[in-house]
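Engineer: everything below, folded, please.
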Amino acid sequence: MQRRHDLDWVRVCAFGVLVLYHVGMYYVTWDWHVKSPAASDTLEPFMLLSSPWRLALLFLVSGAATAFLLEKARDAATAGGVRTRFLGSRSWRLLLPLVFGMLVIVPPQSYYEVVEQLPGGYHAGYLAFYARYLAGYDGFCDADGCLDMPTWNHLWFVAYLWVYTVVLWLLWRVAPRALEAAARGLDKGLEGIGVLVWPTLFLGLVRILLVGRFEQTHALVDDWYNHAQYFSVFLLGFLIARSEAVWAAMARMRWAALLLWLGSWAGLIAYFVRFADGQPPELLRTAMRMVWGLDQWCAIVAVLGFARHWNPGDSRVLRYLVPAVFPVYILHQTVTVVVAHHLKPLAIPPLAEGLLLVFVTFAACFAGYEVVRRIAWLRPLFGLKRTVRGRTDGAPAMASSSEA
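Structural biologist: Just a heads-up that it's a prediction; the model follows:
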């Protein structure tokens, strides 16, 4: 099997965009853990360049990677061995970092959120806060509600990825022929213009039917709009992983997808600006939800299509970045929150401060990765395999083994 280096690069770059997005959350008017005194709507149009699609893209790539992992497991073991090796391994490499992150990495985010946003502030110190965090204290409240603790904050992606992996594994065990039939159907349906039309219609209808009824909570149990879109693209990635026809169609349609993405993005910006202080007509709202689906899917096709066309190969840089993604992802939001809070008293101009915050976030996260990858007992806590026979296996826990 030949490794899909294009998908490796897509994954690395998508997580890089995610880090930049979370730095941007400090400077926009949208609710976040800490906020800059200079927060405004200036960056919001640029944030909307990626917000409709970046996580859907990561779930799609993760679904494709799951297909490759399951195929390798099937070829390497008996049915019983597959069950233990695949699901047990994936659970260990996703759930252990999730629990560790919730107990160790995430709490500073909630602490500084309380310090900055609790009416009257919070002055008891981090250790007192941490004791309440572990105890599930629910008394940190403001006009918008109470803070849930313990929490997974940005690590919700890991929880969802594990649940979707379990569901897909069950389907693969119980109804493999149905999955194969679905893959064959997609192979035909997503050729040519269909690769743009049908997923756009699906994602648009999902948004029309669900986004107004279900808040996007990232709390797993009540997040039905997000489940509808993210599990669907995860399953789609699994089903098209081996389809040369679909990947070739994405490459052929990359320019059309790019233009449709940018055009729909401009339309969304105009819509949100026009109705920033008022309610749009219901028919227009419905139409713009379909435009959101168009933006979401065409951006994904453009990214995957150009990556497939360019077909970037292996390199030392890629081999370094692929295993670094999960540790950097685990660390990045806490680093951003802590550094942003402590930069605030310096009153640095927002542009210079933002660039500094980006640099410090990446530098601190990669420094953390350099430490983690050298210490055997730390590696599983950040989704890496333990050191084996004097060497380390850099295969990442999320969306790994992109082979085809």
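Engineer: contact partners for Leu236?
Structural biologist: 60, 63, 186, 199 (CB atoms under 8 Å, 6 or more residues apart in numbering). Placement of C-beta: from N, CA and C, glycine included.
Engineer: contacting residues for Ser36?
Structural biologist: 26-27, 340, 344, 350, 353.
Engineer: got phi/psi on the residue nearest to Leu381 when sequence neighbours are not counted?
Structural biologist: Distances taken as CB to CB, 6 or more residues apart in numbering put Phe100 closest to Leu381, at 4.4 Å, once the chain neighbours are dropped. Main-chain dihedrals, Phe100, degrees, to the nearest 10: phi -60, psi -40.
Engineer: just the helices in the stretch 201-350 of the chain please.
Structural biologist: 224-240, 244-252, 254-274, 282-310, 316-343, 350-372 (DSSP state H, counting those that start in this stretch).
Engineer: need the distance between the two termini of stretch 73-86.
Structural biologist: One end of stretch 73-86 to the other measures 7 Å (CA to CA, to the nearest Å).
Engineer: hang on, I meant stretch 117-135
Structural biologist: Stretch 117-135: ends 21 Å apart by CA to CA.
Engineer: geometric centre of this protein: which residue is closest?
Structural biologist: Centroid-nearest residue in the chain, with CA atoms, centre = their mean: Leu55, separated by 3.9 Å.
Engineer: so what's it up against?
Structural biologist: Applying CB under 8 Å, 6+ apart, the residues contacting Leu55 are 18, 157, 230.
Engineer: which ones are touching the closest residue to the last one other than its chain neighbours?
Structural biologist: If I follow you right, that is Tyr230. Using CB to CB, 6+ apart and skipping residues adjacent in sequence, the residue nearest Tyr230 is Phe59, 4.7 Å away. By CB under 8 Å, 6+ apart, the contact list for Phe59 reads 160-161, 164, 230-231, 233-234, 237.
Engineer: how about Val211?
Structural biologist: By CB under 8 Å, 6+ apart, the neighbours of Val211 are 225, 289.
Engineer: if you set the cut-off to 6 Å instead, what comes out?
Structural biologist: Tyr225 (CB atoms under 6 Å, 6 or more residues apart in numbering).
Engineer: can you give me the pLDDT of it?
Structural biologist: For Val211, the model assigns a pLDDT of 96.
Engineer: got it, and Ala249?
Structural biologist: 97.
Engineer: how close does it get to Asp187?
Structural biologist: 10 Å (CB to CB, to the nearest Å).
Engineer: more neighbours: these two, which one.
Structural biologist: More crowded of Ala249 and Asp187, by other CB atoms under 10 Å: Ala249, with 23 against 17.
Engineer: please identify the helix or strand for the closest residue to the more buried one other than its chain neighbours.
Structural biologist: Closest residue to Ala249 apart from its sequence neighbours, by CB to CB, 6+ apart: Val195 at 4.1 Å. In this structure, Val195 sits in helix 194-210 according to DSSP states H and E.
Engineer: and that helix, what does it pack onto?
Structural biologist: With contacts defined as 3 or more CB pairs under 6 Å, 6 or more residues apart in numbering; DSSP states H and E, helix 194-210 has these neighbours: helix 224-240, helix 282-310.
Engineer: just want the angle from it to helix 254-274.
Structural biologist: Here helix 194-210 runs at an angle of 20 degrees relative to helix 254-274 (axes from the mean of the first three to the mean of the last three CA atoms, to 10 degrees).
Engineer: residues touching helix 194-210, excluding its own?
Structural biologist: Residues outside helix 194-210 that contact it (CB under 6 Å, 6+ apart): 189, 225, 228-229, 249-250, 253, 286, 289-290, 292-294, 296-297.
Engineer: thought Val291 was touching Gly267?
Structural biologist: Yes: taking CB atoms under 6 Å as the definition, Val291 is a contact partner of Gly267 at 5.4 Å.
Engineer: OK, contacts around Tyr122?
Structural biologist: Tyr122 neighbours (CB under 6 Å, 6+ apart): 114-115.
Engineer: just the pLDDT at it, thanks.
Structural biologist: In this model, Tyr122 carries a pLDDT of 92.
Engineer: just the C-alphas of stretch 88-102, formatted as PDB.
Structural biologist: Extracted in PDB, the C-alpha atoms of stretch 88-102 (Å, rounded to 0.1, in the frame of the first residue of the first chain):
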ATOM      1  CA  GLY A  88      -8.700  -1.600  21.900                       C
ATOM      2  CA  SER A  89      -5.800   0.300  20.400                       C
ATOM      3  CA  ARG A  90      -7.900   3.200  19.200                       C
ATOM      4  CA  SER A  91      -9.700   3.500  22.500                       C
ATOM      5  CA  TRP A  92      -6.400   3.500  24.400                       C
ATOM      6  CA  ARG A  93      -4.800   6.100  22.100                       C
ATOM      7  CA  LEU A  94      -7.900   8.400  22.100                       C
ATOM      8  CA  LEU A  95      -9.400   8.000  25.600                       C
ATOM      9  CA  LEU A  96      -6.200   8.100  27.600                       C
ATOM     10  CA  PRO A  97      -5.200  11.600  26.200                       C
ATOM     11  CA  LEU A  98      -8.800  12.800  26.600                       C
ATOM     12  CA  VAL A  99      -8.900  11.900  30.300                       C
ATOM     13  CA  PHE A 100      -5.400  13.200  30.900                       C
ATOM     14  CA  GLY A 101      -6.300  16.400  29.000                       C
ATOM     15  CA  MET A 102      -9.500  17.000  31.000                       C
END
